[in-house]
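Novice: model the structure of this input:
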Amino acid sequence: MWFFASTAKVAQQSLSEETAQRRDIVTYYSFEGNLIPQTDEIQTAKEGLKVKELYVAEGDTIREGDPLLRGTDGTRLYAAHTGTVETLFAEVDDTLQPGSQLCRIVDYDRLEVSVSVDEYDIGSLAEGKEGTVYLNALGQSVPGTVTHISREATSEGGVSFYEVKFGVDALPQVRSGMSVEVQVLNQQALGAVSLPLTAISYDEYNKPYVLVKSGEEYAVQAITLGVSDGQNVEILSGLSDGDKVYYLSNDFARFFAMQQEMMGGMAR
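Specialist: Take a look at the predicted model:
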């Protein structure tokens, strides 16, 4: 331990002070994509008939099971989906064959975002898992839920990616095509004793430590780290809430002090 104690003495005039305190530390997986309707289907006729009457027009909102049209023989065809009649292909007096296009139905009230997730992160997701969908244009967030995870992968740069879909309940101002960022909880440590990452030092074995003060002297305190959000890090052991620690605020000064001590150790 002499190495660190000596280093502390060399740089004690430039040490900064920080206090360990309790924080909520949360990390997320983040993905980008665009909103699209969950349902965008072209309904076709299952049997042949001649159209006598249409019950819907383009722009109408319909529900699954609503009548679309009636044939001259009295046969009625019903909507297979809920949504908006975006395009109506059939007209009165048309003769339809099995497979003829009737209409395109789009459900703008139930949107989804499709994202690519690499093979290293896909294990953290499951159908039904909730996340947050941030709408870039509106500057607000709405809930999202994983509705589908593809079993087939695509390869890019030697890494496999899987398509994952998040369902979103659309608000009135939410529009199809909007760009979004999806966040899904990764790790969290609530009310954890923590320090800013800048207050953490590492020894030549890459072990984390801080300097603590005892009287007028500085001593090395080994610590164990937990969850980090990129700014703060959880302290699993070595410190308690309210403990003060000291560190070299300048990265170059840390490096110079360590090099000085290493040279001194070699001379001995």
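Novice: and A199, backbone torsions?
Specialist: phi -90, psi 0 (degrees, to the nearest 10).
Novice: surely it touches D243?
Specialist: No: the pair A199 / D243 is not scored as a contact, 11.1 Å apart, by Cβ atoms under 8 Å. (Each C-beta comes from the backbone N, C-alpha and C, glycine too.)
Novice: just want to know which of these two has more residues nearby.
Specialist: Shown here are A199 and D243; by other Cβ atoms under 10 Å, A199 has more neighbours (21 against 17).
Novice: can you give me the distance of that one to E217?
Specialist: Computed as Cβ to Cβ, to the nearest Å, the A199 to E217 distance reads 19 Å.
Novice: quick check: longest strand of the chain.
Specialist: Identified as the longest strand of the chain according to DSSP state E is strand 21-44.
Novice: would you mind identifying the next helix or strand past it?
Specialist: strand 49-54 (DSSP states H and E).
Novice: that following strand pairs with which strands, parallel or anti?
Specialist: The pairing partners recorded for strand 49-54 under DSSP bridges are strand 67-71 (antiparallel), strand 95-96 (antiparallel).
Novice: relative to S114, which of those strands is closest?
Specialist: strand 67-71 (28.8 Å; Cβ to Cβ).
Novice: what does the closest one contact?
Specialist: Contact with strand 67-71 is made by 43, 49-56, 62, 76-79, 90, 102-103, as judged by Cβ atoms under 8 Å, 6 or more residues apart in numbering.
Novice: list only those of these flagged as buried.
Specialist: For the contacts of strand 67-71, a neighbour count by 16 or more other Cβ atoms under 10 Å gives the buried set as 43, 49, 51, 54, 56, 62, 77, 79, 90, 102-103.
Novice: and G226, how many neighbours?
Specialist: If you count neighbours by other Cβ under 10 Å, G226 ends up with 15.
Novice: kindly apply the preceding question to D40 instead.
Specialist: 15.
Novice: list the beta-bridge partners for it.
Specialist: Residues in beta-bridge contact with D40 (DSSP bridges): V106.
Novice: what's near enough to touch it?
Specialist: 104-107.
Novice: from the residues you listed, pick the one nearest V212.
Specialist: D107 (60.7 Å).
Novice: quick one: that closest one and V85 touch, right?
Specialist: No: D107 is not in contact with V85 according to Cβ under 8 Å; the separation is 11.1 Å.
Novice: quick check: T198 touching V233?
Specialist: No: with contact defined as Cβ under 8 Å, T198 does not count as touching V233 (10.1 Å).
Novice: common neighbours of the two, please.
Specialist: Contacts common to T198 and V233, judged by Cβ under 8 Å, 6+ apart, are absent.
Novice: so these two - more neighbours on which side?
Specialist: When T198 and V233 are compared for neighbours, V233 comes out ahead with 23 against 14, by other Cβ under 10 Å.
Novice: which element follows the lowest-mean-pLDDT helix or strand in the chain toward the C-terminus?
Specialist: Here the helix or strand of the chain ranked lowest by mean pLDDT, DSSP states H and E is helix 2-11, holding a mean of 44. Elements were assigned by DSSP H and E; along the chain past helix 2-11, the next helix or strand is strand 15-19.
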